[in-house]
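In: for reference, the sequence and a predicted model appear below.
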There are 2 protein chains.
Amino acid sequence: MKQDSLKVAVIGAGLVGTLLAIYLKKAGHDVHVFDRSADIRKIEFSGRSINLAISTRGWKSLDDVQIGDQIREIAIPMDKRAIHKKDGTLAFQKYGMKGESIYSVSRGGLNRLMIDIAEEKGIHFHFEQKIWDVNLEEAIIHIGETERGDWTDLKFDKVFGTDGAFSRVRHRMQRQNLFDYSQVFLKLGYKELCIPANEDGTHKIDPNSFHIWPRSEFMLIALANEDGSFTCTLFMPFEGENSFEAINTEEKVKDFFMNNFPDTKELIPDLVADYFKNPTSSLITTHCYPWTFKDKVALLGDAAHAIVPFYGQGMNAGFEDISEMYRQMEKHGNDWETIFEEYQKIRKPNADAIAELSFRNFVEMGTNTADEKFLLQKKIEAKFTEKYPNKWLPLYDRVTFSLNPYIDALAIGDQQKNIMDEIMSIENIENIWDSEEIESMILSKLK
Amino acid sequence: MKQDSLKVAVIGAGLVGTLLAIYLKKAGHDVHVFDRSADIRKIEFSGRSINLAISTRGWKSLDDVQIGDQIREIAIPMDKRAIHKKDGTLAFQKYGMKGESIYSVSRGGLNRLMIDIAEEKGIHFHFEQKIWDVNLEEAIIHIGETERGDWTDLKFDKVFGTDGAFSRVRHRMQRQNLFDYSQVFLKLGYKELCIPANEDGTHKIDPNSFHIWPRSEFMLIALANEDGSFTCTLFMPFEGENSFEAINTEEKVKDFFMNNFPDTKELIPDLVADYFKNPTSSLITTHCYPWTFKDKVALLGDAAHAIVPFYGQGMNAGFEDISEMYRQMEKHGNDWETIFEEYQKIRKPNADAIAELSFRNFVEMGTNTADEKFLLQKKIEAKFTEKYPNKWLPLYDRVTFSLNPYIDALAIGDQQKNIMDEIMSIENIENIWDSEEIESMILSKLK
């Protein structure tokens, strides 16, 4: 059903805002994107980023507007985890059951390219425009230098809030009656570090691996960039024995890395300088509902559901919001009240599910990936999946390499976990895992 | 330890703000209370109130500053629930195991009296002063007619936020890094109704009962006022078959009450007028943490932990916050950072516990109070408590008639519930409940 052309505002020129703008433009609207920051294409962007991993859901949303191939040019496939053990040895784990990859891309690089693409399509970007408040009933946005200073009011037909975890649009909605909201910070922060390229521009370690140094309550990860460098992220508690509070001198930083990540000594030459220069950022999970206000305002991406990064699904989930919104636009034409209502009803439980999965996955990333039992379990699952592809898809694959709703992934994943917990508790499982007995046991439990 | 005298601001002249002011004055401080509304003593206050039930914790906080007796003069003891069944018959349930009462008092009446008392003690009240923001680092409050208009800045040594569930002080704290916050609305709203006094000023029904018309998903309650009237509250879903949305005509209101609360026909003469005149209010639970900012700002009462009213503990819990704050002031003198830190560490888990208990109690109030099995269970518990007072105190009594921490009430209550669930599932329990067998079964489970 075709829609009448509207003048719409998208608040936030990040990844979700920019892709949403492309979809809205495709639907025939006059699209204005506002961002409080300067044009990311004209400034140095760094110091507090975690590289992104684009996976199946993300590619689907990009490909549906024919921009996936342009993005693929700056994305580096990672088909496995490279586990850096404390003794300096390496172990590899393939990601997908069918050899699938996730794709490393720098947030800044991706955002710049997407804004270029969007501008070419005739979308209007307005940078350094701070939106302090929104009149929800009238879809008027209030722009100004400061929260208390003079504001300019701009009227639109719709306002889309894609302004991230600390969304001002949501902030206004929070002050409505019957608006549920929560924000919860992890006791864990993160800090960006860097593995520079070799002098010839090549990568110092395998670029096609997601590198991870799992150490239970803290961990280091590294994802490759196109220029030969890696963006590293250290996740660590704010307080306690191994914490950002405790590791607070040059010597302590060196000792800490020497003891825990010995193989990074040569890789991260600016360790100390970067550690003290780069900020320690926090990690937040937000839930809210409703996500829309009448037929006027809608939240998408982190503004509606900020999640922790441990499943690599934050951006992918945000892109999936856009696909769902567009599906509803195609279905309901000018009936925006129904579009918004259906959009939020379908997406909310899925956002809750990926929030829960992401929260749980820190434990898997930090601990289990280094564990022998975990590896054996993966092996059993892999074998079973290969033999019965219609009966079993491991949780990671269902989340990352399928378009199955997150809510199903969570439910089926829980069921599979119960089965595998029972299997792994069988005595002597190390020796009999490959047996018909185990196979038929799994089969019977699946019924 | 004596404290140096400080100039302190209390934001919110409600019950918790006013009692806190009295405590701060007692400690020697220069206390200024600000409220956005007009002086409650000079205006009509009504239309969206639920009568309060003062219980043991509340009295303790009032008596510790020697104002309990003045309050008792306007409070009406209720020693039982009066259950109004659908067929018009009545059943009574004693509240306390030892004949204790809770005390009905109108919110407006109590607040007026407490402000009178506070003013006499030299506390300064500033009404119609809207606090829009707080500078947390400097303890400066920003006052003005409107959120966007001109503001006056006032500097204090400390700022106490007692400005309720929608606290502006907390609103500022929410924008700090690492501040956890949630607000959740019930799908249930409430509306105030009134049973007026007889012409001679006497009560139309027993004033010493907490009247309740439990009907599962909705219910009506009535608490006596000094002037012979009762404040009634109808709790009902916003949407659905029996809901504020569905019951929307004069005829439907009359039918609904006739069918569900037949004995109220004579009691609530202005039913239809009040139903349409009085607003439908919502019910919110909030959680947040931290409750304090350095040694400058602290939240107490609903501003820190708004709860639903089904345990009658909202005000009592807020008063207990004050007692704990004062205990820490006595202990740590001028070390306000420790005072605030200890206060929040001790009170936070207790606030979470009473929030959970209050949420659960709607089910008990709405459903179980009318249920034969529920009454039998109460009888078994009562008998056991009488025989073994040191081994068993029913949950309601522990919450309402003791000073045991809420967190213990929740934990012990859960343990007792598990035991009673087992006991109640015994075949033929109706006939053998009074036996030695049951008694020793409970005893053995308590070990």
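Out: Received, thanks.
In: tell me where the stretch 201-350 of chain A has strands.
Out: Under the criterion DSSP state E, counting those that start in this stretch, the stretch 201-350 of chain A contains strands at A:209-215, A:218-224, A:230-237, A:281-289, A:292-293, A:297-299.
In: so which bits of the stretch 151-300 of chain A are right by chain B?
Out: Neighbours of chain B within the stretch 151-300 of chain A, by C-beta under 8 Å from any C-beta of the partner chain: A:151, A:174, A:177-185, A:238, A:282, A:287. Where C-beta positions appear, they are placed from N, C-alpha and C, glycine not excepted.
In: which of the residues you listed are buried?
Out: Listed as buried from these are A:151, A:174, A:179, A:181-185, A:238, A:287; burial here means 16 or more other C-beta atoms under 10 Å in any protein chain shown.
In: for those, which one is nearest residue A:83?
Out: Residue A:83 lies nearest to residue A:238 out of those, by C-beta to C-beta, at 25.6 Å.
In: who's in contact with the closest one?
Out: A:187-189, A:244-245, A:280, B:178 (C-beta atoms under 8 Å, 6 or more residues apart in numbering or on different chains).
In: among those residues, who's most crowded?
Out: In terms of neighbours by other C-beta atoms under 10 Å in any protein chain shown, those top out with residue A:189 at 22 neighbours.
In: how about that one, nearest residue that isn't a chain neighbour?
Out: Spatial nearest neighbour of residue A:189, excluding adjacent residues (C-beta to C-beta, 6 or more residues apart in numbering or on different chains): residue A:280 at 4.6 Å.
In: surely the one you found touches residue A:191?
Out: Yes: taking contacts as C-beta atoms under 8 Å, residue A:280 lies within contact range of residue A:191: 5.3 Å.
In: now do the shared contacts for those two.
Out: Listed as contacting both residue A:280 and residue A:191 by C-beta under 8 Å, 6+ apart are residue A:244.
In: now the strands for the stretch 51-200 of chain A?
Out: A:52-54, A:76-78, A:80-84, A:90-94, A:102-105, A:124-126, A:131-135, A:140-144, A:151-155, A:158-161, A:180-195.
In: how about the contacts made by the residue in the stretch 1-150 of chain A positioned nearest to chain B?
Out: Per C-beta to the nearest C-beta, residue A:148 is where the stretch 1-150 of chain A lies closest to chain B, at 7.7 Å. Each residue near residue A:148 by C-beta under 8 Å, 6+ apart is listed here: B:148, B:151.
In: got the phi/psi numbers for it?
Out: Backbone dihedrals for residue A:148, given as degrees, to the nearest 10, come out at phi -100, psi 0.
In: CA atoms of stretch A:190-204 as PDB?
Out: Output in PDB follows, covering the C-alpha atoms of stretch A:190-204 (Å, rounded to 0.1, in the frame of the first residue of the first chain):
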ATOM      1  CA  TYR A 190      35.100  -1.100  29.100                       C
ATOM      2  CA  LYS A 191      38.100   0.700  27.600                       C
ATOM      3  CA  GLU A 192      39.300   0.800  24.000                       C
ATOM      4  CA  LEU A 193      42.800  -0.200  23.100                       C
ATOM      5  CA  CYS A 194      44.600  -0.600  19.800                       C
ATOM      6  CA  ILE A 195      46.700  -3.200  18.000                       C
ATOM      7  CA  PRO A 196      48.300  -1.200  15.200                       C
ATOM      8  CA  ALA A 197      49.000  -2.500  11.700                       C
ATOM      9  CA  ASN A 198      52.400  -3.900  10.600                       C
ATOM     10  CA  GLU A 199      54.500  -1.400   8.800                       C
ATOM     11  CA  ASP A 200      53.400  -2.900   5.500                       C
ATOM     12  CA  GLY A 201      49.700  -2.400   6.400                       C
ATOM     13  CA  THR A 202      49.100  -6.000   7.100                       C
ATOM     14  CA  HIS A 203      47.400  -7.400  10.300                       C
ATOM     15  CA  LYS A 204      49.600  -8.500  13.200                       C
END
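In: neighbouring contacts of that stretch?
Out: Stretch A:190-204 is contacted by residues A:46-50, A:205, A:220, A:222, A:224, A:227-236, A:244, A:264, A:266-271, A:274-275, A:278-281, A:283 when judged by C-beta under 8 Å, 6+ apart.
In: tell me the average confidence for the host helix or strand of residue A:359?
Out: Using DSSP states H and E, the element containing residue A:359 is helix A:336-366. Mean pLDDT, helix A:336-366: 94.
In: tell me which residues in that helix are buried?
Out: Buried-residue list, helix A:336-366, by 16+ other C-beta under 10 Å: A:336, A:339-344, A:346-348, A:350-362, A:364-366.
In: and if you look at stretch A:186-196?
Out: Buried residues in stretch A:186-196, defined by neighbour count with 16+ other C-beta under 10 Å: A:186, A:188-195.
In: what's the answer for stretch A:98-116, then?
Out: For stretch A:98-116, by 16+ other C-beta under 10 Å, it's A:100-115.
In: and the contacts of stretch A:190-204, which of them are buried?
Out: Buried among these by 16+ other C-beta under 10 Å: A:49-50, A:205, A:220, A:222, A:224, A:228-236, A:244, A:264, A:267-268, A:271, A:274-275, A:278, A:280-281, A:283.
In: show me the contacts for residue A:185.
Out: Per C-beta under 8 Å, 6+ apart, neighbours of residue A:185: A:282-284, B:177-180.
In: sorry, that was for residue A:254
Out: Counting by C-beta under 8 Å, 6+ apart, residue A:254 touches A:271-272.
In: cool, and the one 3 residues further on?
Out: If a contact means C-beta under 8 Å, 6+ apart, then residue A:257 has A:264-265, A:268, A:271 as its contacts.
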